[in-house]
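[1] Following is a predicted model, sequence given first.
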Amino acid sequence: SYHGHKQMHRFAQWSAISFLFSGYQWVFNNPACNGFKNFPTFGLQALNYTWNFDFQLPFVGLGILAPVSVAWSMILGGVLTWGLLWPVLSNKEGAWFPRGLSADDVRGAYGYHLVAAMALLLTDALYHTIKGVVGFISDQKFADSCRADERSQAPDELTAAQQKDPTHVPRADEELGPGLRRKNNKKKRNAWRREALRIIETDTLSDASALQFGMAAMERALRQHIFLADGAASWVGVAGFVLFAGAAVAALPNLFGFSTAVAVGGAAKTAEAAASGLMYYHVLVAGVLAALVALASARGAGVTDINLAGAYTKLGVLIFSAWAGSGVGSAGAGLLCGGLLCGAATSAVNAMYAYRTGFMVMASPTAVFASHVIGLGFGCIAAPIAWLIFESTTPASGMNASSLFASDGFFASPLAAVFRSTAALAGSGLSALPMYALWVGMAAVVVAMFLNIIRDILPAQARGLVPIPAAIGVVCLSGASVAVDLAVGAVVRIVWRLRYPRSADAYALVVGCALIAGEGLWGLGRGLLAAFGQQSPICMSFTMAPSV
């Protein structure tokens, strides 16, 4: 159609713009210099607290796609954390935490960031979990009351045909009795109110974005019907969780024992030492926490499109290493349980992305879930095989797993060193965190609960003015620059909607997706350049002008 052709043209146009601009940025983004990501939009002093516009077009596109309440929440969260709280805490360096620590050391300012963000995200997830369970129970009671009312109808609630023949099933066009008419109207009002509040509360990129772009009511109802009509029973999820949690409890404590059996020499001693601190109850608690972490991660990524699986991993490493005690065994227990939380968080985010895509293209949720499970199963088979290949020595090339995964190796993983250092530090307990970090976390828990309660109490028209705790939690770790990027995208969408409403309704969704897709396509080019050893040729830095 003509409309579809115009949408494809816009998508190709803005994807190309995003791709070319990302390549242009790469020319100036040499790792030894600042580049566009550290462009001091609001000055060098503000740049120290990540207040700048870093020209990340994917986040600008996300600001176009996301509801305005998300951008507002992230800006407010950035002002409260990176504008007020973190600058105040940074002045306590040397008094509350040691000086000269790296930016990702949990003993320093990063410890405050991590504790506050995780408290906000996990409290928000726990609140919505309880809210969902209570809502499900109330809906079941409402359905039971409807069936009970149908079985015990008063005479004035029957149609004329039913009064003559009790076995008659009334048609939609038959006149209802006055009593049944009053009950039905009340139930319909309550049901529509509950459904409307549920839709408005969905501050993710699925239904809320569809509502804001003027999707027709019939199309929206069709998408919801397809997405909700093909779901699995509740007991399937519970049974699957119990099954896989039990398998993890039985298998993971013995995993290092298997590694000890197949390893030789120093590798066997290392595996045996790492396994010494891991107990079955560590894995059991990690499995229970994984459910909450998965929900928090999916909600945070759904609101902001940012995956914080690494932060959940650090939190798990910190908690379980401290629980396991001191020594090498505590570090192994923390790393394994943190890896379990990392897998749950990452898988939940990927599943959320898949379900979001399935909702937009009207795919069967069961088919989406089956595809996700097949991919996970293949990964469970391929990952151990790949590790065994890396673990085996190759004398002909002179390379082994140690050299491949070294800091300067081909498969170097910078985060691995961060996780190991976090696990080693956590062996001394929660005292590894900076002073008053737990008080900051408890304050974040209170703030998240208060904001969620206020959002539920206020009417739907005013609910968007209350910030979303999950968005604030994401900003605590990602930095204020992400909030600035989203705010720019939200302003673009608002101005576009005010000036050209029909064009915005037709193409805003397409342009936002194109900005994200173009930068993602450049990621392939950046990977190829890195594989051939090419770095950015130009170094761009920003300093204060010399005084005259």
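    Great, that's in hand.

[2] Quick one: low-confidence residue ranges for the stretch 1-150 of the chain.
    1-3, 136, 139, 142-144, 146-150 (pLDDT under 70).

[3] And the stretch 151-300 of the chain, by the same measure?
    151-221, 231-233, 255-277.

[4] Please work out which residues outside stretch 336-353 touch it.
    204, 248, 252, 255, 278, 282-283, 285-287, 289-291, 293-298, 301-302, 307-310, 312-317, 319-320, 369, 372, 376, 419, 423 (C-beta atoms under 8 Å, 6 or more residues apart in numbering). The way it works is simple: take the backbone N, C-alpha and C, and place the C-beta from them, glycine included.

[5] and with 7 Å instead?
    Outside stretch 336-353, the residues that touch it by C-beta atoms under 7 Å, 6 or more residues apart in numbering are 248, 252, 278, 282-283, 286, 289-290, 293-294, 297-298, 301-302, 307, 309, 312-313, 316-317, 320, 372, 376, 419.

[6] to the chain's geometric centre, what's the distance from it?
    Put simply, stretch 336-353 sits 10 Å off its chain's centre (C-alpha atoms, centre = their mean, to the nearest Å).

[7] CA atoms only for it, dumped as CSV, please.
    Extracted in CSV, the C-alpha atoms of stretch 336-353 (Å, rounded to 0.1, in the frame of the first residue of the first chain):
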residue,chain,number,x,y,z
LEU,A,336,28.4,-19.3,40.7
CYS,A,337,25.3,-17.9,42.4
GLY,A,338,25.9,-14.5,40.7
GLY,A,339,26.1,-16.3,37.4
LEU,A,340,22.8,-17.9,38.1
LEU,A,341,21.2,-14.5,38.7
CYS,A,342,22.9,-13.1,35.6
GLY,A,343,21.4,-15.9,33.5
ALA,A,344,17.9,-15.4,34.9
ALA,A,345,18.1,-11.6,34.4
THR,A,346,19.5,-11.9,30.8
SER,A,347,17.0,-14.6,29.8
ALA,A,348,14.1,-12.6,31.2
VAL,A,349,15.1,-9.5,29.3
ASN,A,350,15.5,-11.5,26.0
ALA,A,351,12.1,-13.1,26.6
MET,A,352,10.5,-9.7,27.2
TYR,A,353,12.0,-8.4,23.9
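
[8] ends of stretch 27-34, how far apart?
    Its start and end residues considered, stretch 27-34 measures 12 Å (C-alpha to C-alpha, to the nearest Å).

[9] Report the distance from that stretch to the chain centre.
    Using C-alpha atoms, centre = their mean, the offset of stretch 27-34 from its chain centre is 29 Å.

[10] Touching that stretch from outside, list them.
    35-37, 535-542.

[11] If you count neighbours, what's buried in that stretch?
    28-30, 34 (16 or more other C-beta atoms under 10 Å).

[12] Repeat that for stretch 448-461.
    448, 451-452, 455.

[13] Can you tell me which of the residues you listed end up in helices?
    448, 451-452, 455 (DSSP state H).

[14] Output the contacting helices and strands for the helix or strand hosting Glu519.
    Using DSSP states H and E, Glu519 falls within helix 501-531. Judged by 3 or more C-beta pairs under 7 Å, 6 or more residues apart in numbering; DSSP states H and E, helix 501-531 is in contact with helix 2-28, helix 57-65, helix 480-499.

[15] ok and that helix relative to helix 57-65, angle-wise?
    Relative orientation of helix 501-531 versus helix 57-65 (axes from the mean of the first three to the mean of the last three C-alpha atoms, to 10 degrees): 160 degrees.

[16] so how far is helix 501-531 from its chain's centroid?
    Relative to its parent chain, helix 501-531 has a centroid offset of 20 Å by C-alpha atoms, centre = their mean.

[17] Repeat that for stretch 88-107.
    Counting by C-alpha atoms, centre = their mean, stretch 88-107 is centred 27 Å from the centre of its parent chain.

[18] about what we covered before: compare the helices and strands packed on helix 501-531 and give me the one nearest Gln140.
    With C-beta to C-beta, the closest approach to Gln140 among the helices and strands packed on helix 501-531 belongs to helix 57-65: 34.5 Å.

[19] Alpha carbons of that closest one, in PDB - could you do that?
    Output of helix 57-65 as PDB, limited to C-alpha atoms (Å, rounded to 0.1, in the frame of the first residue of the first chain):
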ATOM      1  CA  LEU A  57      20.800   7.900  18.600                       C
ATOM      2  CA  PRO A  58      19.400   4.600  19.900                       C
ATOM      3  CA  PHE A  59      18.400   6.200  23.200                       C
ATOM      4  CA  VAL A  60      17.000   9.200  21.300                       C
ATOM      5  CA  GLY A  61      14.900   6.700  19.300                       C
ATOM      6  CA  LEU A  62      13.900   5.100  22.600                       C
ATOM      7  CA  GLY A  63      12.700   8.500  23.800                       C
ATOM      8  CA  ILE A  64      10.500   8.800  20.800                       C
ATOM      9  CA  LEU A  65       9.000   5.300  21.400                       C
END
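
[20] between that helix and helix 2-28, how big is the angle?
    Going by the same axes, to 10 degrees, helix 57-65 makes 150 degrees with helix 2-28.

[21] contacting residues around the helix or strand just after helix 57-65?
    Next along the chain after helix 57-65, taking DSSP H and E as the criterion, comes helix 68-80. Where contact means C-beta under 7 Å, 6+ apart, the residues beyond helix 68-80 that reach it are 63, 203, 303-304, 464, 467-468, 471-472, 475, 480, 482-483, 486-487, 490.

[22] ends of stretch 452-461, how far apart?
    Terminal-residue distance, stretch 452-461 (C-alpha to C-alpha): 16 Å.

[23] tell me how far that stretch is from the chain's mean position?
    The answer for stretch 452-461 is 23 Å, by C-alpha atoms, centre = their mean.

[24] Put the alpha carbons of the helix or strand where Val236 lies into CSV.
    Element membership for Val236, per DSSP H and E: helix 234-251. The C-alpha coordinates for helix 234-251 follow below in CSV (Å, rounded to 0.1, in the frame of the first residue of the first chain):
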residue,chain,number,x,y,z
SER,A,234,-0.5,-20.9,35.8
TRP,A,235,0.6,-24.3,37.1
VAL,A,236,2.9,-24.8,34.1
GLY,A,237,5.1,-21.9,35.2
VAL,A,238,5.1,-23.0,38.8
ALA,A,239,5.9,-26.6,37.9
GLY,A,240,8.7,-25.5,35.5
PHE,A,241,10.2,-23.3,38.1
VAL,A,242,10.2,-26.0,40.8
LEU,A,243,11.6,-28.5,38.3
PHE,A,244,14.5,-26.4,37.1
ALA,A,245,15.2,-25.0,40.6
GLY,A,246,15.5,-28.6,41.9
ALA,A,247,17.7,-29.6,39.1
ALA,A,248,20.0,-26.6,39.8
VAL,A,249,20.2,-27.4,43.5
ALA,A,250,21.1,-31.0,42.7
ALA,A,251,23.6,-30.3,39.9
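
[25] Looking at pLDDT only, which of the contacts of helix 68-80 scores worst?
    Among those, Asp203 carries the lowest pLDDT, at 37.

[26] who are the neighbours in contact with the closest residue in space to Pro365 that isn't next to it in sequence?
    Distances taken as C-beta to C-beta, 6 or more residues apart in numbering place Asp230 nearest to Pro365, at 5.4 Å, with adjacent residues excluded. By C-beta under 7 Å, 6+ apart, Asp230 lies in contact with 364-366.

[27] repeat that with 10 Å
    By C-beta atoms under 10 Å, 6 or more residues apart in numbering, the contact list for Asp230 reads 363-369.

[28] Highest neighbour count among the contacts of stretch 27-34?
    Gly35 (22 neighbours; other C-beta atoms under 10 Å).
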